[in-house]
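In: okay, predicted coordinates and the sequence, questions at the end:
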Amino acid sequence: MPRQHDRAESDPHRHRVPGARFGYLEAGVEELAAEMAAGRLTARRLTAAYIARIRALDHAGPRINSVIELNPQALEIASALDRERRTSGARGPLHGIPVLLKDNIATGDRMSTSAGSLALDGISATRDAHLVARLRDGGAVILGKTNLSEWANIRSTRSTSGWSARGGLTRNPYALDRNTSGSSSGSAAAIAANFAAVSVGTETDGSIVSPASINGLVGLKPTVGLVSRDGVIPISHTQDTAGPMTRSVVDAALLLAVIAGPDPRDGATAEAEPADYRSALDSQRLRGARLGVVRAHFGNHPGVDAVVEAALASLRGLGAVLIDPIELDFGEAAQDAELEVLLSELKADLPAWLAEFAPHAPISTLADLIVWNERHAAEELPWFGQELFEQAQSRGDLSEATYREALGSCRRAARGQGIDRAIAQHELDALVAPTCGPAWLSDLVNGDHHGGSFSSPAAVAGYPHLTVPAGFVHGLPVGLSFVGSRWSEPTLLGLGYAYEQATRARRAPTFAPTLP
């Protein structure tokens, strides 16, 4: 593999980053695996290179602040995988590949699983989450945990995405004073900055696709039930899922193939079957594809609209048939019902996770956590409060009519009257729209002030949503979304791959302190 260097170092017009020289910039899983297979690279050397880069650029230098904790056993694991490769070959495409995990995914090792909260700082989970066990079985090196919007951004109505009491504020590598979005903030920023090959984020509504779009990545929120929710600190069993955050569609497909599949501990995965998502990638997949353009999600930013109009022209040029516009009614009533579901399920689901994965923690219920935060307000509540926690605590149990009615409203709005109807009516392969706006200035005093987002219909339906880099607005990345029906991941990945290969919109960040 030819040695590459960071553009920030090679281009005199770009911001220079001390210590940014790196031999594997933008390298994908298949490229790295080929180097290992040829004996030109080892998992240990690759892992050590990523660790050095994290220490130089994330923990020092521009201080992206995306990796909340490095795995102290990473080099040891990598060495063992190198020995195994020499004696018995590779387990699969991720053998020896370093992977970062969002810090709400349980790892039964020496690292904490904290959701960014000081209440769980130093608390190691009792065992691996199911998806982590699958990664280890596939030969991946668990490199570390990434920072996130604390408690996956369910704590406050005026939070700043990417901030946690344990990890501080994650910065956007495209402009350090800009926000990463969230809640998978560190998972996005770290992969954009080439701190690992791939990462796993989680989403309840927007927490994979929005930070992926804003950090110039491919992000896939799978169908709920394709990837086990076991071990993921919950907000909502109705909407929670983990998924890939990568620099390419190929890497997303390879990572998804490892983490997806049935798990007896999670009944929602009963229909999930392992699949070779890599084989679904075809550069001609857009030819004849029928795509519905959801115009209601345009108009939030003229620069974003211009980028996505150019993307639509590319889709047409690649042979897609655009049905433009289509209606997808998902209004305020559905959003209110969604919040009711999330708050009710958070109160019900969090204690069960704590009891199984953190029985030795100082909290065991949401009520305990609220009190703990109040007692440690100087560290936990310096910028914003816990209004959503308090609202959730006021909810009843999941047998109450208010919750059941809200859940029914969500399913009707997002599925039967929403995505399912639009796809059936127009015989669509997918819906397309801008993923979200460009990164806003981080503001801990006032909180987030982002523009519109296309995340909610797929999130509330529990259906898959893929975002792919589409271009830039004033140097800030913008993504194009592909949304489909349940279990349509192969279709979305194929469409996204064809678009990605034709447009090649992603560029590596340069760690600029601010926009020019």
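Out: It's in. Numbering: from 1, shown residues only.
In: CA only for contacts and neighbour counts going forward, please
Out: Fine.
In: could you list every helix and strand in contact with the top helix by length along the chain?
Out: Within the chain, and with DSSP state H defining each element, the longest helix by residue count is helix 332-357. For helix 332-357, the elements it packs on are helix 366-375, helix 387-393, helix 401-411, judged by 3 or more Cα pairs under 8 Å, 6 or more residues apart in numbering; DSSP states H and E.
In: again, 10 Å this time
Out: With contacts defined as 3 or more Cα pairs under 10 Å, 6 or more residues apart in numbering; DSSP states H and E, the secondary structure elements packing on helix 332-357 are helix 366-375, helix 387-393, helix 401-411, helix 456-461.
In: and those as a markdown table, adding distance to Leu342 and mean neighbour count?
Out: Formatted as a markdown table, the helices and strands packed on helix 332-357 follow (distance: least, Cα to Cα, whole Å; neighbours: other Cα atoms under 10 Å):
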| stretch | distance to Leu342 | mean neighbour count |
| --- | --- | --- |
| helix 366-375 | 13 | 16 |
| helix 387-393 | 8 | 18 |
| helix 401-411 | 9 | 18 |
| helix 456-461 | 10 | 24 |
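In: for the longest helix of the chain, buried residues please.
Out: Within helix 332-357, the residues that qualify as buried by neighbour count (16 or more other Cα atoms under 10 Å) are 334-335, 337-354, 357.
In: now the angle between helix 401-411 and that helix, please.
Out: Between helix 332-357 and helix 401-411, the angle comes out at 110 degrees (axes from the mean of the first three to the mean of the last three Cα atoms, to 10 degrees).
In: ok now helix 332-357, how far from the chain's centre?
Out: From the chain centre to the centre of helix 332-357 is a distance of 19 Å (Cα atoms, centre = their mean, to the nearest Å).
In: Thr503 touches Gly317, doesn't it?
Out: No: with contact taken as Cα atoms under 10 Å, Thr503 and Gly317 are classed as non-touching, separated by 11.1 Å.
In: what touches both of these two?
Out: Residues touching both Thr503 and Gly317 by Cα atoms under 10 Å, 6 or more residues apart in numbering: Ala311.
In: could you dump the helices and strands packed on helix 332-357 into TSV with mean pLDDT and distance to Ser156 added?
Out: Rendered in TSV, the data for those read as follows (pLDDT from 0 to 100; distance: least, Cα to Cα, whole Å):
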stretch	mean pLDDT	distance to Ser156
helix 366-375	98	12
helix 387-393	98	5
helix 401-411	97	21
helix 456-461	98	19
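In: can you put these in a markdown table and add distance to Phe195?
Out: What follows is the helices and strands packed on helix 332-357, written out as a markdown table (distance: least, Cα to Cα, whole Å):
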| stretch | distance to Phe195 |
| --- | --- |
| helix 366-375 | 32 |
| helix 387-393 | 33 |
| helix 401-411 | 38 |
| helix 456-461 | 28 |
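In: Leu322 is nearest to which of those helices?
Out: Of all the helices and strands packed on helix 332-357, helix 456-461 sits nearest to Leu322, with 19.7 Å by Cα to Cα.
In: could you list every helix and strand in contact with the closest one?
Out: Under the contact definition 3+ Cα pairs under 10 Å, 6+ apart, helix 456-461 sits against helix 332-357, helix 401-411, strand 465-473.
In: switch the cut-off to 8 Å
Out: In terms of contacts (3+ Cα pairs under 8 Å, 6+ apart), helix 456-461 is packed against helix 401-411.
In: output the helix it packs on as PDB, nothing but the C-alphas.
Out: The C-alpha atoms that make up helix 401-411 are tabulated as PDB, following Å, rounded to 0.1, in the frame of the first residue of the first chain:
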ATOM      1  CA  ALA A 401     -53.200   4.000  27.700                       C
ATOM      2  CA  THR A 402     -51.200   7.200  27.000                       C
ATOM      3  CA  TYR A 403     -48.200   5.200  26.000                       C
ATOM      4  CA  ARG A 404     -50.100   2.600  24.000                       C
ATOM      5  CA  GLU A 405     -51.900   5.200  22.100                       C
ATOM      6  CA  ALA A 406     -48.700   7.100  21.300                       C
ATOM      7  CA  LEU A 407     -47.000   3.900  20.100                       C
ATOM      8  CA  GLY A 408     -50.000   3.200  17.800                       C
ATOM      9  CA  SER A 409     -49.900   6.700  16.400                       C
ATOM     10  CA  CYS A 410     -46.200   6.400  15.700                       C
ATOM     11  CA  ARG A 411     -46.500   3.200  13.800                       C
END
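In: which neighbouring elements make contact with that helix?
Out: Contacts defined by 3+ Cα pairs under 8 Å, 6+ apart place helix 401-411 against helix 332-357, helix 456-461.
In: could these go into a markdown table alongside distance to Leu369?
Out: As requested, the helices and strands packed on helix 401-411 are arranged in a markdown table below (distance: least, Cα to Cα, whole Å):
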| stretch | distance to Leu369 |
| --- | --- |
| helix 332-357 | 10 |
| helix 456-461 | 26 |
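In: mind checking these for the one nearest to Thr246?
Out: helix 456-461 (19.6 Å).
In: residues contacting that closest one, please?
Out: The set of residues that contact helix 456-461 without belonging to it, under Cα atoms under 8 Å, 6 or more residues apart in numbering, is 203-206, 238-239, 330, 335, 338, 410-411, 414-415, 418-419, 464-465, 483-484.
In: let's see 7 Å
Out: With Cα atoms under 7 Å, 6 or more residues apart in numbering as the contact definition, helix 456-461 has outside contacts at 204-206, 239, 330, 338, 410-411, 414-415, 464-465, 483.
In: hmm, back to that, okay, the angle between the longest helix of the chain and helix 366-375?
Out: Counting by the same axes, to 10 degrees, helix 332-357 points 90 degrees away from the direction of helix 366-375.
In: number of residues surrounding Leu32?
Out: The local packing of Leu32 (other Cα atoms under 10 Å) involves 24 other residues.
In: what pLDDT does the model give it?
Out: Leu32 is assigned a predicted lDDT (pLDDT) of 98.
In: equivalent analysis for the one 5 residues further on, please.
Out: Ala37 is assigned a predicted lDDT (pLDDT) of 98.
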